[in-house]
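# return atomic coordinates for the entry below.
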Amino acid sequence: MENASKALLMAAGVLIGMLILSLAVYLFVSFGSTSAELHKQQEEQQITQFNSQFTSYEGKKGLTIYDVVTVANLATETNVYYEFQKRTNIPTTDSKDNYISVVLQNTAIEKGYAYNGNIDYNDLINNDLGNMQIKTDENGNEYQALIEYTCKVTISPTTQRVYKVTFTKKD
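Below you'll find the predicted structure:
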């Protein structure tokens with residue numbers, strides 16, 4: 001009888017040990033998946049924050065050549081900072097890298113990886129200043145105004161990041 005009670009105590013001890021081990025494994029897996037979810041949410045937030053630098057121009061009224069230059073500078077600085085390799089052509093479909101192209105009327109204008117610290121958009125700005133539009137205010141008075149642009153931002157479905165910003169002259 002004594003041996004049977006010792007065997008029962010040993011079996012109970014093993015059973016309790018297995019329960020404790022199972023609980024530890026469950027908690028480890030549960031905390032691991034929670035950590036992965038938090039990491040994924042943080043990554044998504046960083047991508048959204050990054051993209052918002054460019055998407056804030058989309059749909060904005062009154063964009064001028066100065067806004068185009070600002071976005072081109074931002075793209076250039078980003079491409080240089082992260083050492084993204086310059087593309088040889090303007091992307092027409094989904095981009096699988098993180099390089100950001102800025103396109104003005106079918107011409108890429110960001111300076112890309114060959115950046116040397118001297119970004120000069122004077123020709124671009126002077127061209128726009130030379131082609132200012134004549135507009136009329138509500139009182140019928142004519143005035144010169146900068147050419148206005150619309151902006152379209154393209155986000156890669158692969159990387160979820162902005163890969164092309166296109167500016168088009170407003171009609």
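
# correct me if wrong: Ile100 contacts Lys164.
Yes - here Ile100 lies in contact with Lys164, judged by Cβ atoms under 8 Å, at a distance of 7.3 Å. The C-beta positions use only the backbone N, C-alpha and C, and glycine is treated the same way.

# of the two, which one has the most company?
Set side by side, Ile100 and Lys164 show more neighbours around Ile100, with 29 against 23, by other Cβ atoms under 10 Å.

# can you tell me the closest non-neighbouring residue to the more buried one?
With Cβ to Cβ, 6 or more residues apart in numbering as the criterion, Ile100 has its nearest non-adjacent residue at 4.2 Å, and that residue is Ala75.

# what strand or helix carries the one you found?
Assignment of secondary structure by DSSP states H and E places Ala75 within helix 65-81.

# helix or strand right after that helix?
strand 101-104.

# from Ala72, how far off is Thr166?
According to Cβ to Cβ, to the nearest Å, Thr166 and Ala72 sit 12 Å apart.

# now do the shared contacts for the two.
Common neighbours of Thr166 and Ala72, using Cβ atoms under 8 Å, 6 or more residues apart in numbering, are Leu104.

# distance from the chain centre to the lowest-mean-pLDDT helix or strand in the chain, please.
In the chain, the helix or strand scored least confidently by mean pLDDT, DSSP states H and E is strand 107-108, which has a mean of 73. The chain centre lies 20 Å from the centre of strand 107-108; the measure is Cα atoms, centre = their mean, to the nearest Å.
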